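A.B. asks: Build me a structure from this.
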Amino acid sequence: MAISMSRTRPLPPGRRGFPVLGETGDWARDPLKFARDRHARYGPVWRTHLMGRPTAVLLGPEANRFILGTHMHLFSSRQGWSKTITSLIGDGLSLLDGATHRRHRAMIMPALHGAVLQGYAAEMQAQVAGHAQQWLALGELRLFDGFKRLSFDIATRLMLGPQLQDEAAECFKLFRTFTRGLFAPPAWRLPWLPYGRAWDAGQRLRPILARIVAEHRRAPADTILGTLVAARDEAGEGFSDAELMDELLVLLWAGHDTITSLLTWVVYELARHPAVDAEARAEQLALGGAALDAAALKRMPALDRVLREAERLHPPAPGGFRAVVEEFEYGGFHIPAGWNVMYSSVFTHHMPELWHDPECFDPARFAAPRNEGRQPFCMVGFGGGPRVCVGLAFAQMQMRIVMAYLLRNVRFELLPGQRFDPVAVPTRMPRDGLRVRVQRST
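C.D. replies: Below you'll find the model as predicted:
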């Protein structure tokens with residue numbers, strides 16, 4: 001798509017919607033329908049008004065590349081987030097720009113990539129085994145909640161180290177309250193509002209994190225936080241305590257919400273597609289109970305295809321926002337500074353130009369001879385470009401280990417009388433949380 005910098009170009013077509021709210025309600029109810037309807041009316045570039053700001057929407061892989069890759073300098077990630085998030089999270093990685101972002105990312109990367117990941121595998125497997133036993137004892141559960149607690153326990157154990165059972169339960173309770181306020185305007189500290197409750201939970205979480213950071217500084221530990229405490233930038237400087245607490249909040253939030261969402265949808269799709277489920281289970285059977293280490297995880301192509309297809313059909317976030325800090329032109333339209341710009345992962349993942357029968361759950365699309373999904377920036381469930389999710393490798397390994405263990409040991413049956421239509425914001429989930437009956441695999 002041609003890009004020019006002439007200021008004679010018009011603004012993109014579109015409409016503002018309701019005063020203050022704009023079209024936020026329509027977008028939050030169904031981000032895919034929202035994008036499709038306006039794409040049919042206006043084309044791949046249009047304007048709307050979301051979360052109190054004029055917003056230009058740029059659709060498709062080339063737009064994703066423009067925003068996430070080639071023209072990042074035009075945008076601010078921090079300014080694109082709402083005040084509810086920036087005031088609660090502080091200065092964690094996702095909310096940083098420029099040199100500060102690059103510094104933090106370079107210092108965090110070694111804790112979440114490469115050979116160090118294999119050291120996390122045993123704890124991940126132990127956690128899923130323990131939680132699976134609890135689910136079997138219950139017989140039935142709301143699986144989104146089960147995966148949320150499992151993912152949080154994995155994240156806290158690997159990031160912070162062992163905690164007392166009572167403290168771990170309190171942290172989980174506080175963090176649930178905290179995350180519920182991240183996308184719940186207005187940012188008023190009133191105790192009956194989600195944001196107000198989240199603010200209070202954050203004030204109670206931070207002293208707990210501060211104590212754990214202090215303990216790690218006194219006695220180095222073999223945890224992700226231990227690696228972050230020891231990290232140094234090019235000038236030899238490390239993270240401050242305040243920076244560490246902000247980064248921990250971001251990592252704990254991103255490190256379990258995204259995984260919770262995708263694992264829930266994987267189980268949903270496998271339950272609805274017995275042939276795909278059987279193929280994934282046969283693959284695990286063929287591994288003969290091999291330990292879930294790096295070598296075994298590389299021999300699971302069927303499971304990898306299932307995970308990729310779940311990400312395509314059910315990206316945890318419908319897209320992403322950036323604030324425009326330098327005016328630009330794209331696709332024949334002028335985009336002013338001060339607006340937001342949005343890319344749509346959910347729209348890209350359903351484009352018939354990219355995917356055969358895109359509404360269908362079909363993991364075989366990623367196998368030869370079809371090999372769909374190879375075009376750059378056509379899969380952006382975890383973002384893309386230099387700011388792609390810093391914990392992507394960690395998340396992928398965790399999802400493989402969790403699903404491999406469950407496929408070997410557990411069967412899930414969807415319970416009747418529930419709704420599966422997705423709630424898209426803040427994290428995509430089946431409306432009733434996926435209520436299942438849990439049985440031991442035979």
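A.B. asks: alpha carbons only for contacts and neighbour counts from here, please
C.D. replies: Fine.
A.B. asks: Check the burial of the closest residue to Arg305 other than its chain neighbours by counting its neighbours.
C.D. replies: Of all residues not flanking Arg305 in the chain, Pro363 sits nearest, at 5.0 Å (CA to CA, 6 or more residues apart in numbering). Counted with other CA atoms under 10 Å, residues neighbouring Pro363 total 19.
A.B. asks: Please apply the same query to Leu11.
C.D. replies: 17.
A.B. asks: That one reaches His334, doesn't it?
C.D. replies: Yes: in this structure Leu11 lies within contact range of His334 using CA atoms under 8 Å: 5.1 Å.
A.B. asks: tell me, what's touching the two both at once?
C.D. replies: Common contacts of Leu11 and His334 (CA atoms under 8 Å, 6 or more residues apart in numbering): none found.
A.B. asks: least trustworthy helix or strand in this protein by mean pLDDT?
C.D. replies: Ranked by mean pLDDT, DSSP states H and E, the weakest helix or strand in the chain is helix 165-180, scoring a mean of 87.
A.B. asks: Which SSE is immediately downstream of that helix?
C.D. replies: Proceeding C-terminally, helix 165-180 gives way to helix 194-218 as the next helix or strand, assigned by DSSP states H and E.
A.B. asks: same question for that following helix, mean pLDDT?
C.D. replies: Averaging pLDDT along helix 194-218 yields 94.
A.B. asks: roughly how far out does stretch 179-199 sit from the chain middle?
C.D. replies: Chain-centre distance of stretch 179-199: 21 Å, with CA atoms, centre = their mean, to the nearest Å.
A.B. asks: go on, stretch 275-290?
C.D. replies: Counting by CA atoms, centre = their mean, stretch 275-290 comes out at 27 Å from the chain centroid.
A.B. asks: can you pull the buried residues of it?
C.D. replies: Buried residues in stretch 275-290, counting neighbours by 16 or more other CA atoms under 10 Å, are found at Val276, Asp277, Ala280, Arg281, Glu283, Gln284.
A.B. asks: Out of the residues you listed, which sit inside helices?
C.D. replies: Judged by DSSP state H, the buried residues of stretch 275-290 include Val276, Asp277, Ala280, Arg281, Glu283, Gln284 as members of helices.
A.B. asks: wait, which of these is closest to Gln125?
C.D. replies: Gln284 (14.7 Å; CA to CA).
A.B. asks: measure the closest one to Leu303 for me?
C.D. replies: Shown here: Gln284 relative to Leu303, a distance of 9 Å by CA to CA, to the nearest Å.
A.B. asks: same check, this time on Met399
C.D. replies: 10 Å.
A.B. asks: Next: Ile89.
C.D. replies: Per CA to CA, Ile89 is found 34 Å from Leu303.
A.B. asks: if you average pLDDT over the biggest helix by length in the chain, what comes out?
C.D. replies: Using DSSP H to define each element, the chain has its longest helix at helix 241-272. Mean pLDDT, computed over helix 241-272, is 93.
A.B. asks: What are the buried residues along that helix?
C.D. replies: Within helix 241-272, the residues that count as buried by 16+ other CA under 10 Å are 242, 244-271.
A.B. asks: Next, the angle from it to helix 194-218.
C.D. replies: Using axes from the mean of the first three to the mean of the last three CA atoms, to 10 degrees, the direction of helix 241-272 lies 110 degrees away from that of helix 194-218.
A.B. asks: Between helix 241-272 and the least confident helix or strand of the chain, find me the angle.
C.D. replies: With the same axes, to 10 degrees defining the directions, helix 165-180 sits at 80 degrees from helix 241-272.
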